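Peer 1: Just a sequence and a predicted model for now, questions to come.
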Amino acid sequence: MVEQKNKKHNWGCSIVVIILLVSVFAFAGFKTNENSTNAPSQSAQPAHENKADKTEAIIMAEEFVKDRLVSPSSAKFPWRSSETTAVKVDEDTWVISSYVDSQNKFGAMLRTYYIAKVKYLGNDKWQLLDLEFYEK
């Protein structure tokens, strides 16, 4: 009787293991087929096009501005896009106009307006072409 239960238990475990193995191989085969059908379209359109983007241009202008502040860690840029303008000059060049609130050398918070001209060089590299600070 005990021997018969062990045989049934072993047979049940074997079936579960076989089902799991078939499932794993089926899933792996599905993933392989899915990737192979998408491969040509992925190579035709790279994930990150090598072009300048408005949002990236604004972020990079802010980084260039921070680099020239007395207290870069105190820099606060506007959240609302209506307070920041980005004009595309050509395919890779943007002129950003906005402001930054930051501490001066005495610790007082001041608002400084700026106009930055940035150029996308490709491969996630940007160049600052011009940066002017002014007060209103």
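Peer 2: Nice, thanks for sending it over. Residues are numbered from 1 along each chain as shown.
Peer 1: nearest residue to residue 71 other than its sequence neighbours?
Peer 2: Nearest residue to residue 71, sequence neighbours excluded (CB to CB, 6 or more residues apart in numbering): residue 103, at 4.1 Å. Placement of C-beta: from N, CA and C, glycine included.
Peer 1: Pull out the buried positions in the longest strand along the chain.
Peer 2: The strand spanning the most residues in the chain, taking DSSP state E as the definition, is strand 109-122. By neighbour count with 16 or more other CB atoms under 10 Å, strand 109-122 contains the buried residues 112, 114, 116, 117, 118, 119, 120.
Peer 1: show me what contacts residue 75?
Peer 2: When contacts are counted by CB atoms under 8 Å, 6 or more residues apart in numbering, residue 75 touches 62, 65, 66, 69, 100, 101, 102.
Peer 1: Now do the phi/psi pair for the first one.
Peer 2: Put plainly, it is residue 62. When read as degrees, to the nearest 10, the backbone of residue 62 gives phi -60, psi -40.
Peer 1: residues contacting it?
Peer 2: Residue 62 is in contact with 75, 77, 98, 100, counting by CB under 8 Å, 6+ apart.
Peer 1: Out of those, which end up buried?
Peer 2: For the contacts of residue 62, buried by 16+ other CB under 10 Å: 75, 77, 98, 100.
Peer 1: can you list the weak-confidence ranges in this structure?
Peer 2: By pLDDT under 70, the weakly predicted segments of the chain are 1-49.
Peer 1: looking at it, residue 84 is touching residue 96, isn't it?
Peer 2: Yes: applying CB atoms under 8 Å as the test, residue 84 and residue 96 come out as touching, 6.8 Å apart.
Peer 1: what touches both of the two?
Peer 2: Common neighbours of residue 84 and residue 96, counting by CB under 8 Å, 6+ apart, are residue 58.
Peer 1: which one of the two has more residues nearby?
Peer 2: In this view residue 84 and residue 96 are compared by other CB atoms under 10 Å, and residue 96 has more residues nearby, 23 against 17.
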